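*Asks:* Have a look; sequence and predicted model below, questions after that.
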Amino acid sequence: MNWRGRTIIRRFCRSRRGAAAVEFALVAPMLFALIFSTIEASWLMMQSIMLDHALDRTVRQVRVGGLAGATSEQFEQAVCGMAAILGNCPDLLTVEMIPIHAESDFPSDDARCINRNTNVSPALRYNPGGRSETVFVRACYVSQPFTPFLGLGLRMPKDATGALHIVSYSAFANEPA
């Protein structure tokens, strides 16, 4: 190597210009992953809280007789009407009502959620129960993560379409005759 080439290499090695850019390039991916994970967790928590609240308010309407004799679709519409932030709610929400007579009747299966890969709706149990019966209510909302390949969105359990299932539970006792 000639004298001029060595001088350029020495000058390059002594220079501190761009050091901050290198540090930023090393720290930025972790910082962005943390920021987007925080946003993802906040959004999912808000959707979960809204689904819980909407399901509880709708179950209360059933208990006091405001939705007596409501069909599955009417019950879903009532839940969606109270959960304002759940986008495309009627197409992504499933609701099940299952009467519980004994501890052995408690459902042991997972919530049945919408599969966005098919046009077939899941088979749901919807039985509002009779007088003096305890009824278990389960709702499943399919949510799309903001950042599915970064931070928290990468770690969350997703279905085949990349969606998350937000499940909410409630129970109530029908009034006696």
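*Replies:* Cool, got the structure.

*Asks:* Secondary structure element holding the closest residue to C89 other than its chain neighbours?
*Replies:* Closest residue to C89 apart from its sequence neighbours, by CB to CB, 6 or more residues apart in numbering: C80 at 3.7 Å. Where C-beta positions appear, they are placed from N, C-alpha and C, glycine not excepted. Per DSSP states H and E, C80 falls inside helix 72-82.

*Asks:* which is the next helix or strand following that helix?
*Replies:* Proceeding C-terminally, helix 72-82 gives way to helix 89-92 as the next helix or strand, assigned by DSSP H and E.

*Asks:* Give me the nearest residue to I114, chain neighbours excluded.
*Replies:* Once flanking residues are discounted, I114 sits nearest to V142: 4.9 Å by CB to CB, 6+ apart.

*Asks:* in a helix, that's where that neighbour is, yeah?
*Replies:* No. Applying DSSP: H, G, I helix; E, B strand; the rest coil, one finds V142 to be strand, outside a helix.

*Asks:* Quick check: it touching A160?
*Replies:* No. If you go by CB atoms under 8 Å, V142 and A160 don't touch, sitting 11.6 Å apart.

*Asks:* Tell me who's in contact with the residue nearest to I114.
*Replies:* By CB atoms under 8 Å, 6 or more residues apart in numbering, V142 lies in contact with 92-93, 113-114, 116, 159, 163-166.

*Asks:* partners of it in the sheet?
*Replies:* In this entry, V142 is beta-bridged to H165, by DSSP bridges.

*Asks:* Got the confidence number for it?
*Replies:* On the pLDDT scale, V142 is placed at 91.

*Asks:* Name the SS class of T94, please.
*Replies:* Assigned state for T94: strand (three-state reduction, three-state DSSP).

*Asks:* What is the burial count for the residue nearest to it when sequence neighbours are not counted?
*Replies:* Once flanking residues are discounted, T94 sits nearest to C140: 5.0 Å by CB to CB, 6+ apart. Neighbour count for C140, taken as other CB atoms under 10 Å: 21.
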